[in-house]
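Undergrad: Dropping the sequence and predicted coords here.
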Amino acid sequence: MVTVTGQLLIGHRDASGALHKDFEMRVPTIEDMEWSIENAPEGACTARLSRYVWSRALTRLGALPSEAITPELLAGLHYSDYTPLSDAEEALRGKLVPASSDCETTGPSK
C-alpha cells in the first residue's frame with residue numbers, strides 16, 4: 001500500500017485533551033470518491049468532498065485509528081490544516097505517476 005505521512009499545523013484535540021497532528025494517508029480510490037459523493041450533502045463543494053475522501057484515506061491521525069476519523073471530525077479542524085492534507089494527496093499522486101524518464105510515450109498506431 002502506497003502511503004505518505006505528514007503533520008497538521010494545528011491538529012485535533014480530543015475530549016481527553018490529547019493532541020493529534022501526525023497523520024498517514026493512503027492513496028484515495030475511486031470507491032472513496034463514490035462513497036464521498038453518496039454521503040456528502042447534495043451540492044457539496046470540492047473542499048467538502050475532499051474532506052469526505054480524506055476521512056476514508058487517512059489511516060491514522062495521531063493515536064486515532066482510521067475508523068475514528070470521520071468527515072465530521074475533519075470538519076472541526078482549523079482551516080490551515082486543509083493544506084497539509086491536500087499536499088499529502090498530491091504527493092501520493094506523484095508517487096503513482098512514473099517519472100518521464102522512466103516511461104516511453106508512443107503515438108497512436110495507424
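TA: Happy to help now that I have it.
Undergrad: Quick check: buried residues in the longest helix anywhere in the chain?
TA: Criterion DSSP state H: the longest helix present in the chain is helix 82-96. Neighbour counts using 16 or more other C-beta atoms under 10 Å place Tyr82, Pro84, Leu85, Ala88, Glu89, Leu92 of helix 82-96 among the buried residues. Quick note: C-beta positions are derived from backbone N, CA and C, even for glycine.
Undergrad: from what I can see the first one touches Trp54, true?
TA: No - with contact defined as C-beta atoms under 8 Å, Tyr82 and Trp54 do not form a contacting pair (9.4 Å).
Undergrad: quick one: average pLDDT of the longest helix of the chain?
TA: The pLDDT scores in helix 82-96 average 95.
Undergrad: ok, now stretch 11-22?
TA: For stretch 11-22, the mean pLDDT works out to 97.
Undergrad: For that stretch, buried residues please.
TA: Gly11, His12, His20, Lys21.
Undergrad: Return the alpha-carbon coordinates of it using CSV.
TA: Provided in CSV are the C-alpha atoms of stretch 11-22 (Å, rounded to 0.1, in the frame of the first residue of the first chain):
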residue,chain,number,x,y,z
GLY,A,11,-4.3,19.3,14.7
HIS,A,12,-7.2,17.8,16.6
ARG,A,13,-7.6,17.9,20.3
ASP,A,14,-9.8,15.0,21.6
ALA,A,15,-12.1,15.0,24.6
SER,A,16,-9.3,13.8,26.9
GLY,A,17,-7.1,16.7,25.8
ALA,A,18,-4.7,14.7,23.7
LEU,A,19,-3.5,16.5,20.5
HIS,A,20,-3.4,14.6,17.3
LYS,A,21,-1.2,16.1,14.5
ASP,A,22,0.8,13.4,12.8
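Undergrad: All good on my end, thank you.
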